[in-house]
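Colleague: quick one: sequence and predicted model below, then my questions.
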Amino acid sequence: MELKENERLDNLGNGYSVIQKIDGYCFTSDSVELAKFVAFKESGGGLKHGDVIIDFCSGSGIVGFMLAGYAKGLSINLKQIVNVELQTEYYARAKRSTEYNKLESLMSNLNLDVKDTESINNALSGSNIATVITCNPPYMPFNNQPINLKQDVAIARHEIAITLECIFASASKLLQTGGRFYLIHKSDRLADIFHYGRIHKLEIKQVKLIRAGLVLVRAIKDAKAGVSVS
């Protein structure tokens, strides 16, 4: 595989690599923390045999590639990983990364809006039903004021194309009872997170502070109330 101009190939240290745009939005430790939270039981999550995972706002596909690596190391057989990314250039790089890592039989990439749940559901293989949805979303609300960033970076960081409530609504539509939803976000949005979770039947079950101002959240579709905080 040849890299294009303004691209680099980053080794993830788990047998997989990801193509990134050098002067664009690159993955951060936030996505790595989210993947760990999803993968391991001691973190409150835990991958399961037969999981069908959808990663919203997937960017370079980092969360999916990390989860594929964790599953391999834990000898867990996942059914499918689906990366959903609105920005075409990031989708295209994730697709090339999937081919480079020879993960086409496990991982698929969709150039879709997270709100298009019908198309996302139709893209699942065979009779697969999502059991896990993950999301490292844009953190910053958008107030229609000028943003001094490149467009691709602005969309990745600000709620220009998707809002927090839309993410909860779409996750709820794609998950059945007992389905797990994992999110990383700023702690000052916790009130919104609990509010949207309750409205869309994604009951918040765990909140984990990982550093000042940032939290990991686990929710379960149609679960009873009750949350642990650490």
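Modeller: Looks like it arrived, so ask away.
Colleague: so who does the residue nearest to Val229 when sequence neighbours are not counted touch?
Modeller: Nearest in space to Val229, with sequence neighbours left out and distances taken as Cβ to Cβ, 6 or more residues apart in numbering, is Val207 at 4.9 Å. Where C-beta positions appear, they are placed from N, C-alpha and C, glycine not excepted. Taking Cβ atoms under 8 Å, 6 or more residues apart in numbering, we find Val207 in contact with 190, 215-217, 227-230.
Colleague: what are the ranges of the helices in the chain?
Modeller: With DSSP state H as the criterion, the chain has helices at 29-39, 62-73, 88-100, 117-122, 151-157, 164-174, 190-199.
Colleague: the top strand by length along the chain versus helix 190-199: what angle between them?
Modeller: For the chain, the longest strand by residue count, based on DSSP state E, is strand 202-211. On the basis of axes from the mean of the first three to the mean of the last three Cα atoms, to 10 degrees, strand 202-211 is oriented at 160 degrees to helix 190-199.
Colleague: strand 202-211 pairs with which strands?
Modeller: Sheet pairing of strand 202-211 (DSSP bridges) gives strand 214-221 (antiparallel), strand 228-229 (parallel).
Colleague: can you tell me what sits against stretch 3-12?
Modeller: With contact meaning Cβ under 8 Å, 6+ apart, stretch 3-12 is reached by 17-24, 62, 65-66, 69, 93, 100.
Colleague: circling back: of the contacts of Val207 - the most surrounded one?
Modeller: Most neighbours among the contacts of Val207, by other Cβ atoms under 10 Å: Val217, with 25 neighbours.
Colleague: what's near enough to touch that residue?
Modeller: Counted by Cβ under 8 Å, 6+ apart, Val217 has contacts 182-185, 193, 204, 206-208.
Colleague: export these to CSV and tack on pLDDT?
Modeller: Shown next, in CSV, are the contacts of Val217 (pLDDT from 0 to 100):
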residue, pLDDT
Tyr182, 98
Leu183, 97
Ile184, 97
His185, 96
Ile193, 97
Ile204, 98
Gln206, 97
Val207, 97
Lys208, 96
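Colleague: which one of those residues is nearest Leu149?
Modeller: Closest to Leu149 out of those is His185 (19.4 Å), distances taken as Cβ to Cβ.
Colleague: relative to Gly15, how far out is that closest one?
Modeller: 29 Å (Cβ to Cβ, to the nearest Å).
Colleague: same question, Val215
Modeller: Counting by Cβ to Cβ, the separation of Val215 from Gly15 is 30 Å.
Colleague: same deal with Asn128?
Modeller: Look at Asn128 and Gly15: by Cβ to Cβ, they are 24 Å apart.
Colleague: skipping adjacent residues, who's closest to Leu149 in space?
Modeller: That would be Arg157: by Cβ to Cβ, 6+ apart, it lies 7.0 Å from Leu149.
Colleague: report the contact partners of that neighbour.
Modeller: Arg157 sits in contact with 25, 138-140, 149, where contact means Cβ under 8 Å, 6+ apart.
Colleague: thanks a lot, catch you later.
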